[in-house]
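Peer 1: Output the structure for:
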Amino acid sequence: MSFGGALAAPLVAALGTLGRTVIRALAATGRVTLFALTAMSHIARPPLYPREFALALLNIGWLSLPVVGMTAIFTGGALALQIYSGGARFNAEAVVPQIVAIGMVRELGPVLVGLMIAARVTSSIAAEIATMKVTEQIDALVTLSTEPMKYLVAPRLLAALITVPLLVAVGDVIGIAGGYAVATSSLGFNPVGYLKNTLDFLEPLDVLSSLAKGCAFGGIAALMGCYYGMHSGRGAQGVGRATKSSVEAAAILILAANFLLTGVFFSA
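Peer 2: Numbers count the residues shown, from 1 in each chain. As a prediction, this is how the structure comes out:
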């Protein structure tokens with residue numbers, strides 16, 4: 001083999017590996033996109049299965065409130081302390097109310113709620129549906145002329161689209177309240193002045209972007225749980241891999257969607 005051929009062989013192998021990786025990534029993106037479009041189409045067409053929808057509302061919304069509230073209140077308090085400490089270097093301690101408000105509503109509130117939902121709800125959905133697949137319950141649904149996408153996916157997706165924006169709104173309020181509690185009790189801020197600065201600084205676009213992010217993150221979390229659950233492998237290892245992969249994919253997509261939505265709302 002010539003010297004040039006010896007150098008070209010590793011390069012060709014590396015390019016081949018890169019090409020196969022890109023093709024697999026594009027194929028996976030196509031599968032997820034088709035799955036999402038199919039799920040959305042089932043939401044728009046009856047029947048809805050009210051019992052499954054109500055259970056999904058309870059699991060995704062109400063039962064997620066404690067973890068969302070605890071996450072938000074500690075984050076808001078820590079944010080107030082950090083901003084006060086950093087602002088003291090530039091004699092800018094007075095900006096604590098404004099920065100806590102915009103930080104929680106625009107970024108930290110939606111992202112942290114989305115990640116908590118991914119950790120709690122996505123994993124639960126993936127494990128539940130994957131177990132149903134392993135135990136052939138999904139096959140039984142098909143035998144009973146029940147569409148699995150309609151019965152398992154659509155109610156969970158719709159519930160996530162409705163409840164996660166509400167959870168984000170609650171998380172924003174609790175996070176700001178956590179910053180308020182720390183600032184007024186430990187940092188010497190006037191309670192009335194703190195609230196006035198918070199309300200004066202927030203704009204309708206901030207709230208709208210927060211709720212829009214919550215809707216997008218909820219859809220991502222539910223879709224990833226359903227997708228990996230429906231496509232899980234057989235056995236206990238298949239269930240475990242589906243659960244792990246669903247949380248990883250949901251977290252990465254939530255962070256990517258946050259970047260894109262932030263650019264859409266605040267690029268100017």
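
Peer 1: hey, which helix is longest across the protein?
Peer 2: When the chain is parsed with DSSP state H, its longest helix is helix 3-43.

Peer 1: who are the neighbours of it, in terms of helices and strands?
Peer 2: The contact analysis (3 or more CB pairs under 8 Å, 6 or more residues apart in numbering; DSSP states H and E) places helix 3-43 against helix 154-186, helix 204-230. C-beta: built from backbone N, CA, C; applies to glycine.

Peer 1: got the angle between that helix and helix 154-186?
Peer 2: Put simply, helix 3-43 runs at 100 degrees to helix 154-186, going by axes from the mean of the first three to the mean of the last three CA atoms, to 10 degrees.

Peer 1: So for the helix or strand just after helix 3-43, what gets flagged as buried?
Peer 2: Beyond helix 3-43 on the C-terminal side, the first helix or strand identified by DSSP states H and E is helix 50-60. Buried positions in helix 50-60, judged by neighbour count with 16 or more other CB atoms under 10 Å: 52, 53, 56, 57, 59, 60.

Peer 1: Residues contacting helix 50-60, please?
Peer 2: Helix 50-60 has contacts (CB atoms under 8 Å, 6 or more residues apart in numbering) with 117, 121, 124, 151-152, 155-156, 158-160, 162-164, 218, 222.

Peer 1: let's see it at 10 Å
Peer 2: For helix 50-60, contacts defined as CB atoms under 10 Å, 6 or more residues apart in numbering pick out 49, 63-64, 117, 120-122, 124-125, 128, 150-164, 167, 218, 221-222, 225.

Peer 1: just the CA coordinates of that helix, formatted as CSV?
Peer 2: Coordinates of each C-alpha in helix 50-60 appear next as CSV, following Å, rounded to 0.1, in the frame of the first residue of the first chain:
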residue,chain,number,x,y,z
PRO,A,50,-61.7,11.1,30.0
ARG,A,51,-60.5,8.8,32.7
GLU,A,52,-57.0,8.5,31.3
PHE,A,53,-56.9,12.3,30.7
ALA,A,54,-58.0,13.0,34.3
LEU,A,55,-55.3,10.6,35.7
ALA,A,56,-52.7,12.3,33.6
LEU,A,57,-53.8,15.7,34.8
LEU,A,58,-53.5,14.5,38.4
ASN,A,59,-50.1,12.9,37.9
ILE,A,60,-48.5,15.6,35.8
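
Peer 1: If you compare the directions of that helix and helix 204-230, what angle comes out?
Peer 2: Using the same axes, to 10 degrees: helix 50-60 against helix 204-230 is 110 degrees.

Peer 1: Show me how far helix 50-60 is from its chain's centre.
Peer 2: How far helix 50-60 lies from its chain's middle: 18 Å, per CA atoms, centre = their mean, to the nearest Å.
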